[in-house]
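Engineer: got a sequence here, can you model it:
(2 chains, ligands or ions: 2)
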Amino acid sequence: MSLTPALELKGVRKVYDVAGQEVVALDHADLVVGADEIVVLVGPSGSGKTTLCSIAGALLSASEGTVIVDGNDITSFNAKQLTTFRRNKVGFVFQTVNLVPFLTARENLLVVDELAGRSGNRKAALKRADQLLGELGLADRRNNLPSQLSGGQRQRVAIGRSLMNNPGLVMFDEPTSALDSKTGEHVVDLIHHEMKERGTAAIIVTHDTRITKFADRTVRIDDGVVST
Amino acid sequence: MRLALKELIRRPGRFVAAAVILTLISVLLMFIGGLLDGLLDSSTGAFRIQRGNLIAYSASSSRSLPRSRIPVEIKDQVARVEGVKSVGGFSTVQVAARPESDPQTRKLIPTILIGYELPPRGLPGDSLDKGSVYADSALKSRGIKAGDFLLLGSPRIPVKVIGFVDDSRYSGQISLWGSMETWSEVTQAVRPGSGGTDTVQALVIDDTSDNPEAAKRIEDATGASIEVLTISEAIDSLPGVATQRSTINQIIGVTVFIALVVISLFFALITIERTTLYGILKAIGASSSTLFLGVTSQAVAVTLLACSIAGLASVGLAVFLPPGTLPFSLSVGRVALSVGLLLFAAIAGCTFSLRRVLRIDPAAAIGE
Ligand SMILES: Nc1ncnc2c1ncn2[C@@H]1O[C@H](COP(=O)(O)OP(=O)(O)OP(=O)(O)O)[C@@H](O)[C@H]1O
Ligand SMILES: [Mg+2]
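Structural biologist: Ligands and ions are numbered 1, 2, ... in the order given. From the prediction side, this is the model:
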């Protein structure tokens, strides 16, 4: 395993305030994900899986503890800094596919580049988008709108989008739960392949045994408590 | 911003309603503005074409031209004031005119005969012969050509139209410009007892001293028997001008406010609809300012489209409107002002969505 871990959570707590009542979504979680490690996160509904992913992916800030992503301590980042960090350092694939409906598959990838203001180097971005779409088996669908793609194809576009900014860490929140088993399998293979090929670290929230099989490690979470 | 404009092009359907309403609003705005300008043009032209920069009424007239009488000696006193380059009388009389070719007509032409001494822009430098007049070019729409005669008032005094001058109307009436002699003759005929050559109604003064106190000094030189106004002050004190202007400007203000409300409601709705999309975009690194800029650029684009359609419609109206029917005058300045006001409304309207855009939580995107 290489040098800096992709993620270090040290004593991370996340407390939500729901109508004056404290809901502890994450309770002193400690977790280290190596630079090219694939970690599967399992746990019952409401146990804090999405919360953990959101904190690791700079979408949420922790109530307590330290969050270090790819060597960057983002614990005390403000909303603006978190936005910039997300744009450049991490990738997400959400449970429900959320592509921009009026953009083609290829443009959905290019959006990431445009948001980063890197459109100066549009050629390189186009090349990267086409390469990713090729690897994901979507070369001939790149000019299709999401509404013209199947569920599995859309999820693959979302995977492509999450890799567009060359992240060190990608979060997958139940990437196959909305897919039928055959499509799911294909997507699973792609995730495996893309991660290992690039040496990208990943946290995958799933109960899919096909994924747990190739994962380096499975981490359990119960009521916000992480047990390795 | 690019994303927002792409959406506009690929999903024009959702912006149609806003575009249609804004087009109607901008048509209204340009139409009302053009009407105001047309009204003002038709009542103030005779003053605007003056080469002189000051106008004097008798002090007791409360700035009313028909009530003003200035003895001609005053003219000489004014001419001697330092800085005054030239001064000339200016007298008017309202008369109904009939074309000589159709003396029995019931469609009288309301005109105002102006006797002048300092030639305004568009009129020849030499004094006109008695009985000859230049007419405002609006008279052409009544079928009058150069060389035709008009019969003035019930005594039907003939005057010959020897030429035309643009944009020179007064109080909505077609102006006829002649020598003081012509004015005197016609006035004595239609208003027995007035029209004497020992008084004029007003003085047009060309003061080159460039002195803000010039008006005051001229007034003092005449023992305060006259009140001296700049041309624009004189225009503002013409009957109706100030009220027309303020009434129509109020209507314009209300219209712009309605545009603002329409835009803010429409884009607030669109922003609510896009909550998920914006969540996703924020999650992949879009800042609130990028998203807000997108909303604003859509509003600006829709507004510009609406303005272009409205602009074309207004130009069409200005071109195809038969002359003499509606006082409608469309200027580049008016169109630019309307566009500017609507763009202001668009941007101001969008700021109501800013808070909503700021509040969208990127973390919410990952859940559902
Ligand atoms: N925005 C929020 N406000 C208040 N409470 C929240 C919020 N998000 C999550 N929670 C609470 O935090 C706890 C953990 O939620 P989380 O979404 O992380 O669970 P999860 O493991 O992802 O569940 P699932 O498998 O159903 O997706 C739950 O009790 C949930 O009700
Ligand atoms: Mg979840």
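Engineer: only C-alpha atoms for contact and neighbour calcs from this point on.
Structural biologist: OK.
Engineer: just list the residues touching the residue in the stretch 251-368 of chain B that chain A sits nearest to, thanks.
Structural biologist: For the stretch 251-368 of chain B and chain A, the shortest gap (CA to the nearest CA) falls at B:Gly285, measuring 4.0 Å. B:Gly285 is in contact with A:83-88, A:112, A:115-116, counting by CA atoms under 8 Å, 6 or more residues apart in numbering or on different chains.
Engineer: so it, which of the three states?
Structural biologist: coil (DSSP: H, G, I helix; E, B strand; the rest coil).
Engineer: can you report how many residues neighbour the nearest residue to it once chain neighbours are set aside?
Structural biologist: Leaving aside its chain neighbours, B:Gly285 sits nearest to A:Arg87 (4.0 Å; criterion: CA to CA, 6 or more residues apart in numbering or on different chains). Residues lying near A:Arg87 (other CA atoms under 10 Å in any protein chain shown) number 25.
Engineer: list the contacts of A:Arg87.
Structural biologist: Listed by CA under 8 Å, 6+ apart, the contact partners of A:Arg87 are A:112, A:115-116, A:165, B:284-286.
Engineer: let's have the residues you listed in CSV, adding pLDDT and distance to ligand 1.
Structural biologist: Shown next, in CSV, are these (pLDDT from 0 to 100; distance: CA to the nearest ligand atom, whole Å):
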residue, pLDDT, distance to ligand 1
A:Val112, 90, 25
A:Leu115, 85, 26
A:Ala116, 77, 27
A:Asn165, 90, 25
B:Ile284, 88, 19
B:Gly285, 88, 19
B:Ala286, 91, 20
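Engineer: which members of these are the farthest-apart pair?
Structural biologist: The most widely separated members of the contacts of A:Arg87 are A:Asn165 and B:Ala286, with 13.1 Å between them, by CA to CA.
Engineer: and the helix or strand harbouring A:Met171, what does it pack onto?
Structural biologist: A:Met171 is part of strand A:169-173, with elements assigned from DSSP states H and E. Under the contact criterion of 3 or more CA pairs under 8 Å, 6 or more residues apart in numbering or on different chains; DSSP states H and E, strand A:169-173 touches helix A:49-56, strand A:90-93, strand A:201-205.
Engineer: and that strand, how far out from the chain's middle?
Structural biologist: Its chain's C-alpha centre and that of strand A:169-173 lie 2 Å apart, by CA atoms, centre = their mean, to the nearest Å.
Engineer: repeat for stretch B:180-188
Structural biologist: 31 Å.
Engineer: again with stretch B:174-194
Structural biologist: Relative to the chain's own centre, stretch B:174-194 is displaced by 29 Å; criterion: CA atoms, centre = their mean.
Engineer: buried sites along that stretch?
Structural biologist: Judged by neighbour count using 16 or more other CA atoms under 10 Å in any protein chain shown, the buried positions of stretch B:174-194 are B:174-187, B:189-190.
Engineer: in helices, which of those residues appear?
Structural biologist: In this view, those that belong to helices under DSSP state H are B:180-187, B:189-190.
Engineer: lowest average confidence, helix or strand, in chain A?
Structural biologist: The helix or strand of chain A with the poorest confidence is helix A:209-214; it has a mean of 80 (mean pLDDT, DSSP states H and E).
Engineer: might you enumerate the residues of chain A proximal to chain B?
Structural biologist: A:50, A:54, A:59-60, A:80, A:83-88, A:91-92, A:94-96, A:98, A:100, A:102, A:111-112, A:115-116, A:173 (CA under 8 Å from any CA of the partner chain).
Engineer: which strands or helices does the helix or strand encompassing B:Ala268 pack on?
Structural biologist: Assigned by DSSP H and E, B:Ala268 belongs to helix B:241-273. Where contact means 3+ CA pairs under 8 Å, 6+ apart, helix B:241-273 is packed against helix B:13-48, helix B:288-320, helix B:332-359.
Engineer: just to revisit the earlier point, tell me which of the helices and strands packed on strand A:169-173 lies nearest to B:Lys85.
Structural biologist: Smallest distance to B:Lys85 across the helices and strands packed on strand A:169-173 (CA to CA): 79.6 Å, for strand A:90-93.
Engineer: sheet partners, orientation included, of that closest one?
Structural biologist: Strand pairing for strand A:90-93, determined by DSSP bridges: strand A:169-173 (parallel).
Engineer: show the average pLDDT along the strand it pairs with.
Structural biologist: Strand A:169-173 comes out with an average pLDDT of 93.
Engineer: picking that back up, strands - which of the residues of chain A next to chain B land there?
Structural biologist: For the residues of chain A next to chain B, the ones inside strands are A:91-92, A:173, with DSSP state E as the criterion.
Engineer: show me what contacts B:Lys216?
Structural biologist: Here B:Lys216 is in contact with B:Val228 (criterion: CA under 8 Å, 6+ apart).
Engineer: you'd agree it is in a helix?
Structural biologist: Yes: assessed with three-state DSSP, B:Lys216 lies in a helix.
Engineer: ok, it to B:Arg69 distance?
Structural biologist: To B:Arg69, B:Lys216 is 19 Å away according to CA to CA, to the nearest Å.
Engineer: host element of the closest residue to ligand 1 within the stretch 151-300 of chain B?
Structural biologist: Using CA to the nearest ligand atom, B:Gly279 is the residue of the stretch 151-300 of chain B that sits closest to ligand 1, at 13.3 Å. If you go by DSSP H and E, B:Gly279 is part of helix B:275-283.
Engineer: hey, what's the angle from that helix to helix B:332-359? Just curious.
Structural biologist: Helix B:275-283 runs at 80 degrees relative to helix B:332-359, counting by axes from the mean of the first three to the mean of the last three CA atoms, to 10 degrees.
Engineer: all helices of chain A, in order?
Structural biologist: Ranges of helices within chain A are A:49-56, A:79-89, A:105-115, A:122-135, A:151-163, A:181-198, A:209-214, based on DSSP H.
Engineer: tell me which of these sits nearest to B:Gln298.
Structural biologist: Here helix A:105-115 is closest among the helices of chain A (CA to CA), at 17.3 Å.
Engineer: domains of chain B?
Structural biologist: What automatic domain parsing lists as the domains of chain B is B:2-43+B:241-367, B:64-236.
Engineer: wait, what's in contact with residue 188?
Structural biologist: Went with chain A since none was named. A:Val188 sits next to A:176, A:210-211 when contact means CA under 8 Å, 6+ apart.
Engineer: try chain B instead
Structural biologist: Contacts for B:Gln188 (CA under 8 Å, 6+ apart) come out as B:194-196.
Engineer: possible to save those as TSV with pLDDT and secondary structure?
Structural biologist: Below are the contacts of B:Gln188 laid out as TSV (pLDDT from 0 to 100; DSSP: H, G, I helix; E, B strand; the rest coil):
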residue	pLDDT	secondary structure
B:Ser194	84	coil
B:Gly195	80	coil
B:Gly196	85	coil
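Engineer: show me which of those residues is closest to A:Ala139.
Structural biologist: Using CA to CA, the shortest approach to A:Ala139 within the contacts of B:Gln188 belongs to B:Gly195, at 93.1 Å.
Engineer: and for the closest one, the neighbour number?
Structural biologist: Applying other CA under 10 Å, we find 23 residues neighbouring B:Gly195.
Engineer: correct me, but it touches B:Thr187?
Structural biologist: Yes: using CA atoms under 8 Å, B:Gly195 is in contact with B:Thr187, at 4.9 Å.
Engineer: in chain A, where is pLDDT below threshold?
Structural biologist: Confidence mapping of chain A against pLDDT under 70 gives the ranges A:1-2, A:118-120.
Engineer: where does it come near ligand 1, residue by residue?
Structural biologist: Applying CA under 6 Å from any ligand atom, we find that chain A lies next to ligand 1 at A:16, A:18, A:25, A:44-51.
Engineer: put the buried members of those residues into a PyMOL selection.
Structural biologist: Selection command for PyMOL covering only the buried members of these, criterion 16+ other CA under 10 Å:
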select buried, chain A and resi 25+47+48+49+50+51
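Engineer: which residues touch stretch B:85-105?
Structural biologist: Contacts to stretch B:85-105, defined as CA under 8 Å, 6+ apart, come from residues B:52, B:66, B:75, B:78-79, B:107-118, B:144, B:148-153, B:158, B:180, B:183, B:187, B:190, B:200-208.
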